[in-house]
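**Student:** got a sequence here, can you model it:
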Amino acid sequence: MKRIHFIAIGGSAMHNLALALHAKGYQISGSDDAIFDPSKSKLEKAGLLPQEMGWFPNKITADLEGVILGMHAKKDNPELLAAQALGLPIYSYPEYLYEQSKDKTRVVIAGSHGKTSITAMVLHVLNYHGQAVDFMVGAQLEGFDTMVHLTDHNDFMLIEGDEYLSSPIDLRPKFLWYQPNVTLISGIAWDHVNVFPTQESYNDQFRRYIETIVPGGALVYNQEDPVLTRLVAQTQNTIRKQGYQTPESFIDNGTTYLETPEGELPLSVFGQHNLSNLAGAKWVCQLMGVDELDFYEAIESFSGAAKRLEKVAQGETAHLFKDFAHAPSKVKATANAVAAQFSGFSTLGCLELHTYSSLDPAFLPQYKHAMASLDEAIVYYDPEALRIKGRKPIDVADITAAFDHPNLSVFTQPHELHEYLLSRNYRQSVLLMMSSGNYGGLDWEALKALMLRV
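**Tutor:** Residues are numbered from 1 along each chain as shown. From the prediction side, this is the model:
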């Protein structure tokens, strides 16, 4: 039985990998200084929750086959230092995923936006047609118990490929580990400014990634993205290149219909960005053995991934959506999707500035007109989040100027935001909540109840 120890086991990705290896028969241990739900409950159910929080070098023993190091840990972590002193193999999360998939056909979904949605679409189609694959996806999906699934027998490994750092001691982007046989890149929009301080340095990670595709492999790419298209044209890697673009569609009575060779197909998802995602997913599925007509049959029932234009509540005349969008391109795509889908409604978007990029005053101008398609916009940030990140407060006037929306409200106190949201009349309205945070502890149940009454 293989023994693996996780340093920072409570992370979203880390705990899912721990659960997957546990299900595969590995003996798993781990540590963390704080673990919250849903990670805590899942680890506890599997018998993997550490008995006490903290770092314990005595857990690092010579009989461990390896240690997996999470991004939450620091370079001077006591357990990491103990593992280095013993000369144990120390893996980053993506490095260990590669170890698990190096004898499989690796299919990687990359890009600044849409990774989770496209990976979820591919998984949904494969699952619909009974095609089993190993996978790693960045959100909980309906019909799947975990976000990571590993076996010794499946032929394919489907991976959501992130460009963020691999570990505290490995500052390469995660996706440079995977060496894909097949990959999709959905587009390039500057993100992670704390790591990639310029647009050029960020773009260069994708140039490097294209060079890691296994010679003879396939690259599916969004040919509507000029930066990406240029990088694809410049590569000397001997790969197959397949471009895609947003397919024809129309909206009728609140439903988006896709134009297909077999006629009009009603979809459960909407928005130009999701239609583009769907076009890319179709090519990936075809490269994995699913023909076009079988893809259309399956995709009709795809309802999306958690927090990706997820419908949280729907009243008689009101709709509440939650989306993970935080980067400018994602915010704009999501806002445009809601505005187009609900043209007869009053649309309100609420964006929480929560990430390192969004809380950087120098990056704020990237958000110009990101919510221009919405009738009303709200921007919220918690000064405490800036304090934790060691940054000075952002001037409200700078936020107002950056977004350049004629009907913009800015909140910096959670109770004021909550009072505003919970005191509105949402009749014939759509509320779009966008963040990777929690809006200062917003009472979602109260907000849902308010929406359901109108």
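
**Student:** per-residue confidence at the closest residue to Arg427 other than its chain neighbours?
**Tutor:** The shortest distance from Arg427 to any non-neighbouring residue, by CB to CB, 6 or more residues apart in numbering, is to Val454 (4.6 Å). Every residue, glycine included, has its C-beta placed from N, CA and C. Reported pLDDT at Val454 in the predicted model: 85.

**Student:** repeat for Asp37
**Tutor:** Asp37 is assigned 88 on the pLDDT scale.

**Student:** phi, psi of it?
**Tutor:** Phi and psi for Asp37, reported as degrees, to the nearest 10, are phi -70, psi 150.

**Student:** list the buried residues in stretch 205-216.
**Tutor:** Neighbour counts over stretch 205-216 (16 or more other CB atoms under 10 Å) mark Gln205, Phe206, Tyr209, Ile210, Thr212, Ile213, Val214 as buried.

**Student:** tell me which of those is nearest to Leu348?
**Tutor:** Nearest to Leu348 among those is Phe206, at 34.2 Å by CB to CB.

**Student:** surely the closest one is within a helix?
**Tutor:** Yes - under DSSP: H, G, I helix; E, B strand; the rest coil, Phe206 sits within a helix.

**Student:** skipping adjacent residues, who's closest to it in space?
**Tutor:** Phe206 sits nearest to Ile188 (CB to CB, 6+ apart), 5.5 Å away.

**Student:** residues in contact with that neighbour?
**Tutor:** Gly111, Ser112, Tyr202, Asn203, Phe206, Asp225, Val227, Leu228, Leu231 (CB atoms under 8 Å, 6 or more residues apart in numbering).

**Student:** endpoint to endpoint, stretch 251-267 covers what distance?
**Tutor:** 10 Å (CA to CA, to the nearest Å).

**Student:** any idea of the mean pLDDT in it?
**Tutor:** 90.

**Student:** one more: stretch 117-127?
**Tutor:** For stretch 117-127, mean pLDDT is 95.

**Student:** likewise for stretch 238-247?
**Tutor:** Averaged across stretch 238-247, the pLDDT comes to 97.

**Student:** buried stuff in it?
**Tutor:** Buried residues in stretch 238-247, counted by 16+ other CB under 10 Å: Ile239, Gln242, Gly243, Tyr244, Thr246.

**Student:** identify the farthest-apart pair in these.
**Tutor:** Ile239 and Thr246 (23.4 Å).

**Student:** buried stuff in stretch 68-85?
**Tutor:** Buried residues in stretch 68-85, counting neighbours by 16+ other CB under 10 Å, are found at Ile68, Leu69, Gly70, Met71, His72, Ala73, Asn77, Pro78, Glu79, Leu80, Ala82, Ala83.

**Student:** among those residues, which pair sits farthest apart?
**Tutor:** Farthest-apart pair in the buried residues of stretch 68-85 is Met71 and Ala82; separation 19.1 Å (CB to CB).
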